[in-house]
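Enquirer: Predicted model, plus sequence, below.
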Amino acid sequence: MNAILDAGPLIAAWDKSDKNHVWAVSILTKYPGPYLTSELVLAEVAHMTGKDVEIMDGVRTGMFVFDGNLREDAAAIQRVLFACNTSDIADASLVVLSEKQKRLPVLTTDKKHFYSYRRVDKSALPLETP
């Protein structure tokens, strides 16, 4: 795995009118995958883009990889939600993934929130943002 993937870069890469489209295509080229992400993030992308078939193709081919599952990570995700009151459940799942895979950068367009998130050890997440 090359990076942890948030919804924003994938949404922007698929939407040429998105203000972050050029950056998203560039960052996904710099980190060509496979991407560590969560089912929650991919559900968000599916909802926002309607690219359900493409997302499932990425899961099937190994482009999108999961580490754990919602049930296994529930306590850690809940801890993040309590600690970061601006976090939603998808973002919290990525914070937990970053705690498990500390060396992987998190690809996100959400600078406002991700710069404030902290891992359980209080360290910042390594971010790639526009």
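Expert: In hand now; what should we look at?

Enquirer: rest of the way, CA atoms for contacts and neighbours
Expert: Will do.

Enquirer: what about the residue of the chain most remote from its centre, which SS state?
Expert: The outermost residue of the chain relative to its centre, with distances by Cα atoms, centre = their mean, is residue 17 at 20.9 Å. What DSSP: H, G, I helix; E, B strand; the rest coil gives for residue 17 is coil.

Enquirer: And it, how close does it get to residue 47?
Expert: Distance from residue 17 to residue 47, counting by Cα to Cα, to the nearest Å: 18 Å.

Enquirer: contacting residues around residue 40?
Expert: The neighbours of residue 40, taking Cα atoms under 8 Å, 6 or more residues apart in numbering as the test, are 89, 90, 93.

Enquirer: And the helix or strand containing it, what's buried?
Expert: Using DSSP states H and E, the element containing residue 40 is helix 39-49. Going by neighbour count (16 or more other Cα atoms under 10 Å), the buried part of helix 39-49 is 39, 40, 41, 42, 43, 44, 45, 46.

Enquirer: so which of those comes closest to residue 105?
Expert: Nearest to residue 105, judged by Cα to Cα, of the buried residues of helix 39-49 is residue 41 at 15.9 Å.

Enquirer: thought that closest one was touching residue 6?
Expert: Yes - the criterion here is Cα atoms under 8 Å, and residue 41 meets it with residue 6 at 6.3 Å.

Enquirer: Mind listing the shared neighbours of the two?
Expert: Contacts common to residue 41 and residue 6, judged by Cα under 8 Å, 6+ apart, are residue 91.
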